[in-house]
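**Q** Fold the stuff below for me.
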Amino acid sequence: MRERRGYGEGGKRLAGGIICLTALAAFDQLTKYLAYRDLFQSGAEAFVLIPGVLEFRYLENRGAAFGMLQGCSWIFGVFALLVILLAAYVYLRCPSGRHHLPLRVAMTGLAAGALGNLIDRLFRGYVIDFIYFSIIDFPIFNVADILITLSAAILVVLIAFVYRDEDLVWKGRGGR
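**A** Sure thing, here's the model as predicted:
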């Protein structure tokens, strides 16, 4: 019987990662477009989802998290690109299997969030933020920020409590 040619395990894993990365970044961009259309263009000050708790408010963030370092967009663009490249490197070197799946998921979320905000910086010159927790007066953020924060939290938990040093040392291309 003839051997079937295909992408193999590594190719499927890479294709899956690219699909997830693209879908997450596209979802982020869709939500930002909807915020722009339904809040900014309509002139609405806010859309209250849960009174006293959660609102959608349009904000053009030209700085980093919470509006720090306004006007330094190029620095954050370079940093986002480095995060994406580092996440891709770890994803590609990470061994296959269930044990390292949470690490691959975290890398995908981290890269997708960085990509979503990088797209804004490149094409708009600012990042659209729109999610506001009024109950705690938390700074306005977006889906990409959620992806970055959750992925970073997952990484901290994985490194602190799940993986041992030898779980994070890989040899050869694509891990072992």
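**Q** buried stuff in the helix or strand hosting Arg57?
**A** Applying DSSP states H and E as the criterion places Arg57 in strand 54-61. The neighbour-count check on strand 54-61 (16 or more other Cβ atoms under 10 Å) flags Glu55, Phe56, Arg57, Tyr58, Leu59, Asn61 as buried. No exception for glycine: its C-beta is placed from N, CA and C like everyone else's.
**Q** before we move on, what about stretch 145-160?
**A** Asp145, Leu147, Ile148, Ser151, Ile154, Leu155, Leu158.
**Q** ok, of those residues, which one's closest to Val48?
**A** Proximity of the buried residues of stretch 145-160 to Val48 (Cβ to Cβ) peaks at Asp145, which lies at 20.5 Å.
**Q** Chain neighbours aside, what residue packs nearest to the closest one?
**A** Using Cβ to Cβ, 6 or more residues apart in numbering and skipping the chain neighbours, the partner closest in space to Asp145 is Gly113 (6.7 Å).
**Q** Let me know how buried that neighbour is, in neighbour terms.
**A** 28 (other Cβ atoms under 10 Å).
**Q** Please pull up the helix or strand immediately following the helix or strand containing it.
**A** Using DSSP H and E, Gly113 sits within helix 101-123. Next helix or strand after helix 101-123 toward the C-terminus (DSSP H and E): strand 127-133.
**Q** packing partners for that next one?
**A** helix 8-35, strand 54-61, helix 101-123, helix 143-157 (3 or more Cβ pairs under 8 Å, 6 or more residues apart in numbering; DSSP states H and E).
**Q** which of the residues in the following helix or strand past the second one are buried?
**A** Taking DSSP H and E as the definition, the helix or strand that follows strand 54-61 towards the C-terminus is helix 73-93. Within helix 73-93, the residues that count as buried by 16+ other Cβ under 10 Å are Ser73, Phe76, Gly77, Ala80, Val83, Ile84, Ala87, Ala88, Val90, Tyr91, Leu92, Arg93.
**Q** Correct me if wrong: the fifth one contacts Leu110.
**A** Same thing as Val83. Yes: in terms of Cβ atoms under 8 Å, Val83 counts as a neighbour of Leu110; the distance is 6.4 Å.
**Q** In PDB, list the C-alpha atoms belonging to the helix holding Gly113.
**A** Extracted in PDB, the C-alpha atoms of helix 101-123 (Å, rounded to 0.1, in the frame of the first residue of the first chain):
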ATOM      1  CA  LEU A 101      -0.500  21.800  24.900                       C
ATOM      2  CA  PRO A 102      -1.200  24.500  27.600                       C
ATOM      3  CA  LEU A 103       2.200  26.100  26.700                       C
ATOM      4  CA  ARG A 104       1.300  26.100  23.000                       C
ATOM      5  CA  VAL A 105      -2.200  27.600  23.800                       C
ATOM      6  CA  ALA A 106      -0.600  30.400  25.900                       C
ATOM      7  CA  MET A 107       1.900  31.200  23.100                       C
ATOM      8  CA  THR A 108      -0.900  31.400  20.500                       C
ATOM      9  CA  GLY A 109      -3.000  33.700  22.700                       C
ATOM     10  CA  LEU A 110       0.000  35.900  23.500                       C
ATOM     11  CA  ALA A 111       1.000  36.200  19.800                       C
ATOM     12  CA  ALA A 112      -2.700  36.800  18.800                       C
ATOM     13  CA  GLY A 113      -3.100  39.600  21.300                       C
ATOM     14  CA  ALA A 114       0.200  41.200  20.300                       C
ATOM     15  CA  LEU A 115      -0.700  40.900  16.600                       C
ATOM     16  CA  GLY A 116      -4.200  42.400  17.200                       C
ATOM     17  CA  ASN A 117      -2.700  45.500  18.800                       C
ATOM     18  CA  LEU A 118       0.200  45.600  16.300                       C
ATOM     19  CA  ILE A 119      -2.300  45.800  13.500                       C
ATOM     20  CA  ASP A 120      -4.000  48.800  15.100                       C
ATOM     21  CA  ARG A 121      -0.700  50.600  15.600                       C
ATOM     22  CA  LEU A 122       0.400  49.900  12.000                       C
ATOM     23  CA  PHE A 123      -2.800  50.900  10.300                       C
END
